[in-house]
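Participant: A predicted structure for the sequence below; I have some questions about it.
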Amino acid sequence: MEQQPLPFTGYQKFVIFILAITQFTVILDFMVMSPLGDMLMKSLSLKPSAFGFAVSAYAFSAGVSGLLTAGFADRFDRKKLLLFFYIGFIIGTIFCGMAQSYAALVAARIITGLFGGVIGSISMAIITDLFVLQQRGRVMGFIQMGFGGSQVLGVPIGLYLANKWGWEAPFWMVAALSVVIAVLIFLKLQPVNKHLSVQRDKSAFQHLWHTIAKSNYRVGFAATALLSIGGFMMMPFGSAFAVNNLGLTNEQLPMLFMVSGVSSLVIMPLIGKLSDKVDKFKIFAIASVWMMGMCVLYTNLSVTPLWLVMIFNILMMIGIMSRMIPSSALTSAIPDLQDRGAFMSINSSLQQIAGGIAAAVAGVIVTQESKGAPLEHYNIVGYVIVAISILGIFLMWRVDNLAKKKTVDKAPIEDPVPLSE
């Protein structure tokens with residue numbers, strides 16, 4: 001059944017912009033590791049397992065950080081929390097740019113993950129506080145544009161800088177942009193503290209335990225963790241697979257990422273708008289089946305012309321994005337107001353930890369006989385993603401039922417009211 005989408009106020013539009021651009025820098029910091037993969041593996045003489053660990057280091061530290069901060073996430077103004085962790089993320093990114101060895105890079109990625117991994121959950125809590133469920137599909141669509149934007153602008157520019165000044169250059173670019181955004185957040189974002197008036201738990205540990213103890217919340221946690229596994233398994237070796245198996249050159253990679261990113265920017269607002277009009281779970285289920293087919297097809301490719309690789313990437317991106325937006329909106333409906341910060345932190349934490357495990361496992365599955373040789377067993381990663389995605393559909397069906405039940409049961413006062421102009 002179609003619903004009439006609720007319009008955004010002027011301030012809500014600013015909040016969407018500032019959270020989207022913040023997310024853009026955090027995602028870019030993580031995303032740029034994949035296109036730099038082939039360059040890093042060759043320049044530092046790394047095996048796939050070592051590079052997989054470098055990617056996992058960020059995810060594991062982000063996961064630990066999410067759990068450590070979950071108990072405190074609802075005890076402070078969300079604006080102050082966002083600024084604190086974003087400044088820490090900037091410092092970690094600067095350390096990445098200063099790294100001169102594999103050990104230093106891994107250490108810098110851990111620091112960046114400790115701070116950067118929590119930013120997404122704080123943003124989700126702010127979105128849930130300031131936007132009603134009927135608006136969140138569109139909000140998620142715009143926020144997730146950071147993913148596409150990082151591929152359209154960030155990754156190609158980052159690769160250009162890396163080819164010109166070395167692999168450290170993209171991290172300096174992210175840090176410089178992030179400083180400007182931090183100033184904007186400080187000056188323009190209003191306090192987000194409505195949740196403080198309904199906080200009942202006396203200690204941070206008690207609040208963390210109460211959040212984990214709720215069975216409905218655990219369904220959401222499990223669904224999100226499973227969803228993250230697919231992306232983390234394929235993403236770290238995307239550029240290495242494209243160069244060594246599909247026959248692309250390093251010069252062609254920026255174009256590949258740019259085309260995928262442009263398709264994301266077009267797809268995400270459309271999916272966001274659609275998920276506010278029709279059933280979010282139906283969109284998720286159809287997109288999951290679509291993505292499974294594309295993953296199996298793509299991971300079994302051999303030498304392929306650039307134009308065909310681009311088409312396959314766009315088709316795969318349609319499936320990935322069309323899962324991400326409705327699932328994020330549905331999961332956001334599960335926590336109560338007083339638990340939102342803790343829920344989002346734990347959710348993000350488990351997502352990162354599951355992703356870290358996935359990247360590490362992919363690093364073990366994928367092998368390479370010698371530097372520049374084709375990657376082997378990448379197709380097995382595709383089959384594993386299919387199995388996990390089937391289970392993910394079942395769990396998201398349960399999340400959908402919980403969200404619908406809560407919409408019926410809860411009093412209207414529980415929902416946020418759109419801010420006035």
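Facilitator: Cool, got the structure.

Participant: where does the stretch 1-150 of the chain dip in pLDDT?
Facilitator: 1-7, 34-35, 37-38, 43, 45-46, 70-74, 133, 144-150 (pLDDT under 70).

Participant: which parts of the stretch 201-350 of the chain are helices?
Facilitator: With DSSP state H, counting those that start in this stretch applied, the stretch 201-350 of the chain shows helices at 204-213, 215-234, 238-244, 253-277, 280-299, 306-332, 340-365, listed in chain order.

Participant: any chance of those helices in a markdown table, plus mean neighbour count and mean pLDDT?
Facilitator: From N, CA and C alone the C-beta is placed, and that goes for glycine too. A markdown table is the format used below for these (neighbours: other CB atoms under 10 Å; pLDDT from 0 to 100):
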| stretch | mean neighbour count | mean pLDDT |
| --- | --- | --- |
| helix 204-213 | 16 | 71 |
| helix 215-234 | 22 | 80 |
| helix 238-244 | 23 | 84 |
| helix 253-277 | 21 | 78 |
| helix 280-299 | 20 | 90 |
| helix 306-332 | 22 | 84 |
| helix 340-365 | 25 | 78 |
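
Participant: could you dump these to CSV with distance to Ala108?
Facilitator: As requested, the helices of the stretch 201-350 of the chain are exported to CSV (distance: least, CB to CB, whole Å):
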stretch, distance to Ala108
helix 204-213, 28
helix 215-234, 19
helix 238-244, 20
helix 253-277, 23
helix 280-299, 30
helix 306-332, 27
helix 340-365, 16
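
Participant: Ala57 is nearest to which of those helices?
Facilitator: helix 340-365 (7.8 Å; CB to CB).

Participant: same for the closest one, what does it pack against?
Facilitator: Here helix 340-365 touches helix 48-70, helix 102-130, helix 204-213, helix 215-234, helix 378-409, going by 3 or more CB pairs under 8 Å, 6 or more residues apart in numbering; DSSP states H and E.

Participant: any chance of CSV for those helices, columns distance to Glu168?
Facilitator: Listed next are the helices and strands packed on helix 340-365 as CSV, based on distance: least, CB to CB, whole Å:
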stretch, distance to Glu168
helix 48-70, 14
helix 102-130, 9
helix 204-213, 37
helix 215-234, 24
helix 378-409, 28
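
Participant: how about the ones you listed, which one is nearest Val179?
Facilitator: Closest approach to Val179 among the helices and strands packed on helix 340-365 (CB to CB): helix 102-130, 14.3 Å.

Participant: quick one: closest of the helices and strands packed on helix 340-365 to Ile185.
Facilitator: Among those, helix 102-130 comes nearest to Ile185, with 10.7 Å by CB to CB.

Participant: go ahead and measure how far stretch 105-114 is from the middle of the chain.
Facilitator: Taking CA atoms, centre = their mean, to the nearest Å, one finds the center of stretch 105-114 at 17 Å from the center of the full chain.

Participant: what's next to that stretch, contact-wise?
Facilitator: 29, 33, 44, 53-55, 57-62, 64-65, 88-89, 91-93, 95-96, 98-99, 352 (CB atoms under 8 Å, 6 or more residues apart in numbering).

Participant: now do the spatially closest residue to Leu226 that is not a sequence neighbour against Ala333, distance only.
Facilitator: Excluding the flanking residues, the one nearest Leu226 by CB to CB, 6 or more residues apart in numbering is Gly392, at 4.4 Å. From Gly392 across to Ala333, the span is 18 Å (CB to CB, to the nearest Å).

Participant: check Ile390 too.
Facilitator: 23 Å.

Participant: of those two, which one has the most company?
Facilitator: A direct count of neighbours by other CB atoms under 10 Å for Ile390 and Ala333 places Ala333 higher, at 21 against 13.

Participant: surely that one meets Asn401?
Facilitator: No: taking CB atoms under 8 Å as the definition, Ala333 is not a contact partner of Asn401, at 11.1 Å.

Participant: run a quick neighbour tally on Lys47.
Facilitator: When neighbours are defined as other CB under 10 Å, Lys47 has 14 of them.

Participant: just checking, it touches Ser370?
Facilitator: No: with contact defined as CB under 8 Å, Lys47 and Ser370 do not form a contacting pair (10.3 Å).
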